[in-house]
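**Student:** Quick check, what structure comes out for this input:
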Amino acid sequence: MPLTSFGKSNFLLLGQLFTSIGTGAILATAAIFLVRSVQLPAADVGIGMAAVGVISFAALFAIGPAVDHFGPRKVIVVSTALAATATTCFVWISSLFTFILFESISNSALLGMSVGQRALVGRVLGSGDRVRFQAYSRSLSNVGYAIGTLAVVPLLQADTRTAYTAIFLCTALAIAATIPCTVKGPYPVRAPERKSSRTAIADVRYVVMAVLCGLLTARARILTVAVPLWTVAHTHAPAGLTGFLLFLNTAVVVLLQVRFSRGAADLAGASKVTLFGGAAFVGAFTFIAFAGTTATGVAVAMLVTGIVLFTLGEMWTAAASWTYSYELADPAMHGRYQSIFALGRTVGNIAGSVLASVVAALGIVGWGVAAAVLLLCCVLTAVAAPANRAKGLRSRDN
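**Tutor:** Take a look at the predicted model:
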């Protein structure tokens with residue numbers, strides 16, 4: 001099916017591309033700006049990031065109800081305006097307090113955009129198209145991150161306040177470009193009436209699935225933290241290979257995410273590909289771990305093989321999580337349910353940092369622990385998922 005089959009929802013994909021360009025630019029800039037221009041101690045940067053994470057986590061409890069009450073389009077537009085404004089205000093960051101203030105507003109607003117869009121997709125697209133849409137969205141996001149990261153390289157090289165100001169203003173414009181895309185995008189159909197008084201957080205099966213799928217997003221920290229450190233410190237591979245491995249991961253996702261999402265269009269398929277993902281992670285971490293025991297050429301080949309397997313697992317588990325997030329949700333409360341899934345991803349970020357530390361401390365044994373954790377999450381997710389949507393709805397109503 002061609003991309004144009006999404007109709008007006010294609011504008012949402014364009015908006016996602018703009019947002020990811022801005023996000024990529026900020027991710028590449030933030031730490032360097034805070035340390036070199038604002039001259040915050042590295043420890044303060046870590047404290048600030050932790051505080052922002054806690055505030056953003058709390059914000060999700062308000063974002064979901066807001067999406068359901070005001071509608072996803074309004075929340076996306078307001079959140080986008082807040083994110084662009086807060087990013088512009090980065091030029092006035094001069095202390096730990098102002099960093100936490102503006103970054104918390106920006107990060108919470110970006111979460112509002114994300115939850116709002118996922119809820120909007122849940123309202124305007126059928127179950128067969130939602131996963132395919134998210135696959136295109138993830139591919140475009142990776143393209144956007146790459147563009148944003150590369151675009152700021154010359155400005156980062158300049159390392160001046162003027163250069164950082166230019167980055168923040170251009171990033172704010174890129175994020176703001178999402179507003180006309182949302183306005184031109186689809187209008188949601190009226191949400192169905194609620195059939196149960198149960199709140200989203202009381203839907204035990206959904207919360208369990210959100211936590212399990214969230215834990216699987218720990219893979220991101222393993223890729224960006226554990227793999228580079230392992231490559232440099234424990235293998236004979238050249239240090240420059242780390243950049244290529246991250247590029248390889250991005251390229252494979254861009255090219256193959258849509259194809260690898262086809263098997264996860266329903267709950268039965270999602271359970272199957274989740275198990276495929278678990279097996280792929282075990283294979284990936286085995287190759288990466290034992291790359292530290294071989295000569296240079298073999299180590300390079302093992303690391304590349306490991307990253308390819310890792311990316312397959314990443315694509316399979318991501319596609320399955322989209323199906324779970326929509327098919328098990330109450331269609332009358334997509335905002336609340338999608339915010340619960342976002343809470344799960346926050347848990348995954350924390351778990352990823354812990355697993356990266358375990359790998360750093362225990363070496364090959366640490367890779368075994370990481371593989372066991374992800375495999376267990378995959379197996380538990382596949383077991384906990386109902387065989388079909390009807391069973392999931394009945395279990396929620398009981």
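
**Student:** from here on, contacts and neighbour counts on C-alpha atoms
**Tutor:** OK.

**Student:** ok, for residue 339, nearest residue in space, not its chain neighbours?
**Tutor:** Nearest non-adjacent residue to residue 339, counting by CA to CA, 6 or more residues apart in numbering: residue 64, 5.2 Å away.

**Student:** List the buried residues for whatever helix or strand the one you found lives in?
**Tutor:** Assigned by DSSP states H and E, residue 64 belongs to helix 42-70. Within helix 42-70, the residues that count as buried by 16 or more other CA atoms under 10 Å are 45, 48-49, 51-53, 55-57, 59-60, 63-68.

**Student:** helices or strands up against that helix?
**Tutor:** When contacts are defined as 3 or more CA pairs under 8 Å, 6 or more residues apart in numbering; DSSP states H and E, helix 42-70 packs onto helix 72-88, helix 96-124, helix 334-362.

**Student:** closest one to residue 200 among these?
**Tutor:** Closest to residue 200 of those, according to CA to CA: helix 334-362, at 5.8 Å.

**Student:** starting at the chain centroid, how far to the following helix or strand past that closest one?
**Tutor:** Note on helix 334-362: by DSSP H and E, the next helix or strand toward the C-terminus is helix 364-384. Taking the mean of its C-alpha atoms, helix 364-384 sits 19 Å from the chain's own mean (CA atoms, centre = their mean, to the nearest Å).

**Student:** Check which residues of helix 364-384 are buried.
**Tutor:** Within helix 364-384, the residues scored as buried using 16+ other CA under 10 Å are 364, 366-382.

**Student:** Who are the packing partners of it?
**Tutor:** Packing partners of helix 364-384 (3+ CA pairs under 8 Å, 6+ apart): helix 204-216, helix 267-290, helix 334-362.

**Student:** looking only at pLDDT, what's the mean for the longest one?
**Tutor:** So that's helix 334-362. In this model, helix 334-362 has a mean pLDDT of 90.

**Student:** tell me what that helix is packed against?
**Tutor:** Packing partners of helix 334-362 (3+ CA pairs under 8 Å, 6+ apart): helix 42-70, helix 96-124, helix 204-216, helix 219-221, helix 296-327, helix 364-384.

**Student:** By mean pLDDT, which helix or strand of the chain comes out lowest?
**Tutor:** Between all helices and strands in the chain, the lowest mean by mean pLDDT, DSSP states H and E belongs to helix 389-397, at a mean of 53.

**Student:** Return the backbone torsion pair for residue 185.
**Tutor:** Main-chain torsions, residue 185, degrees, to the nearest 10: phi -80, psi -170.

**Student:** thought it was touching residue 6?
**Tutor:** No - at 10.4 Å, residue 185 does not count as touching residue 6 under the criterion of CA atoms under 8 Å.

**Student:** State the distance from residue 309 to residue 175.
**Tutor:** Relative to residue 175, residue 309 is positioned 33 Å away (CA to CA, to the nearest Å).

**Student:** And these two? Which one has more around it.
**Tutor:** residue 175 (27 against 21; other CA atoms under 10 Å).

**Student:** so what's that one up against?
**Tutor:** Residue 175 makes contacts with 18-19, 22, 80, 83-84, as judged by CA atoms under 8 Å, 6 or more residues apart in numbering.

**Student:** can we see that at 10 Å?
**Tutor:** Residue 175 makes contact with 15-23, 80-85, 87, 110, 169, according to CA atoms under 10 Å, 6 or more residues apart in numbering.

**Student:** ok, it to residue 43 distance?
**Tutor:** Computed with CA to CA, the distance linking residue 175 and residue 43 is 29 Å.

**Student:** do residue 361 as well
**Tutor:** Remark: distance between residue 361 and residue 43 (CA to CA) = 21 Å.

**Student:** Could you do residue 262 as well?
**Tutor:** In terms of CA to CA, residue 262 sits 44 Å off from residue 43.
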